[in-house]
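Chemist: Fold the following.
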Amino acid sequence: MAVTPDSSSQAGAPPEGPGTRPAPAGVGLGLPRRFLTLREGSIIVVTLITLIYFASSTPHFLTVDNFKTLLPYFAPIAILAAGQVFVMTLGEIDLSIGAMYLFTPFMFIKLSNAGIPLVPSVILALVVALLLGAFNGFAVAYVGIASFVATLGMLFVLDGVTLVISHSQQVTTPGTTVVGVTHFAQIFGQGTYSELFWALGIVIALQILLSFTRWGVYTVAAGGNRIAAAEAGINVRLVVVRNFMLCAVTAGFVGILEAVRSSSATPDPSGSNSILLTAVAAVIIGGTLMTGGAGTVVGALLGALFLGILNDGLTIKGVNANYLYLYLGLAILIAMAFNVYVQRVRRGSGRG
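Modeler: Residues are numbered from 1 along each chain as shown. Model prediction:
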């Protein structure tokens, strides 16, 4: 019997299986694609590119001394951003964190000067911040005021109260000396790496809280769809209030750390409001959605690191101060454009 070319080729060919089928286009890009579907993937890439650029173009960038210079900029922003993540994951925003950062150290100083020991003064000052955060949350969740408006009002109130109680004068922080670093000061900001340790500890704790506890699950659910979350039995109003409380405490704690680190507290609303914007930028760049329903504390840490590296690198390169904010703004826009692309990749991969 004659064998046709088609039948001979079929008879001699091994059966088709997974190993013999031609790889679909783009399989070689599977690993990078899977990496980019991580919520923190884009900011990791952007931060590494920025780090490599400054390391290759600036001789003294990758040094221990420069890292120590970077810490006071990066670590406080990371803590501020970590608390803001919980509010923004709800689809809200807390504009009062800059004023809370400014106000809480002066509350700590007042309590300490009244004869209360240092650590209890810190705790009581943070309790005040907690109550102010609860007021923000109550105004949003129960009264129905938009978070932008409620926290903007709190920002002005706290800036004004700070100026009144400080008489617009710089004040020396208790527990710090010009002679040496006290044990209290070493733990709460003046130690070379104390702010870094606080930042890493808080970020790890809050990421665990967001990812593996009911608090975090309820936060994501309420941010994604409040009506559905309420119908599922979640007390959405309580979630909103306690997230604003958490955000206020982290902001107040950073203010105390910075006041101890610098040995003084300065009532400067313009500086604190600038820190607010930087923290919000770190949260957004890190991968937290402004519309709510998704957030990452680790991403906020990386966003703060990116902004710190960028600011430090441009300063070392001697960029004119007039152009510094211009370059920072352009870099943030580029990073956010990359984030938008990554979100499209995530949607295409079925991961959100």
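Chemist: For stretch 138-156, which outside residues touch it?
Modeler: Outside stretch 138-156, the residues that touch it by CB atoms under 8 Å, 6 or more residues apart in numbering are 87, 92-96, 98-99, 132, 135-136, 236-238, 240-241, 244, 273, 276. Backbone N, C-alpha and C define where each C-beta goes, glycine included.
Chemist: mind redoing it with 7 Å?
Modeler: If you take CB atoms under 7 Å, 6 or more residues apart in numbering as the criterion, stretch 138-156 is touched by 92-96, 98-99, 132, 136, 237, 240-241, 244.
Chemist: what's the answer for stretch 112-124, then?
Modeler: Phe108, Leu111, Pro174, Gly175, Phe184, Ile256.
Chemist: Return the distance of that stretch from the chain's centre.
Modeler: Between the centre of stretch 112-124 and the centre of its host chain there is 28 Å, according to CA atoms, centre = their mean, to the nearest Å.
Chemist: State the mean pLDDT of the helix or strand where Ile284 lies.
Modeler: Using DSSP states H and E, Ile284 sits in helix 269-285. Across helix 269-285, pLDDT averages out at 88.
Chemist: tally of neighbours for Ile165?
Modeler: Per other CB atoms under 10 Å, the neighbour tally for Ile165 reads 14.
Chemist: same check, this time on Phe244
Modeler: Around Phe244 there are 32 other residues, counting by other CB under 10 Å.
Chemist: Relative to Ala248, how far out is the closest residue to it other than its chain neighbours?
Modeler: Once flanking residues are discounted, Phe244 sits nearest to Gly137: 3.4 Å by CB to CB, 6 or more residues apart in numbering. Distance, Gly137 to Ala248, using CB to CB, to the nearest Å: 9 Å.
Chemist: Then Val254?
Modeler: Counting by CB to CB - Val254 and Ala248 are separated by 11 Å.
Chemist: pLDDT (mean, whole number) over the strand or helix carrying Ala248?
Modeler: Using DSSP H and E, the element containing Ala248 is helix 236-262. Here helix 236-262 scores 95 as its mean pLDDT.
Chemist: roughly how far out does the helix or strand just after it sit from the chain middle?
Modeler: Scanning forward in sequence from helix 236-262 by DSSP H and E, the next helix or strand is strand 264-265. Centroid displacement of strand 264-265 relative to its chain, using CA atoms, centre = their mean, is 24 Å.
Chemist: Check which helices and strands strand 264-265 is in contact with.
Modeler: Strand 264-265 is packed against helix 97-113, strand 171-172, with contacts defined by 3 or more CB pairs under 7 Å, 6 or more residues apart in numbering; DSSP states H and E.
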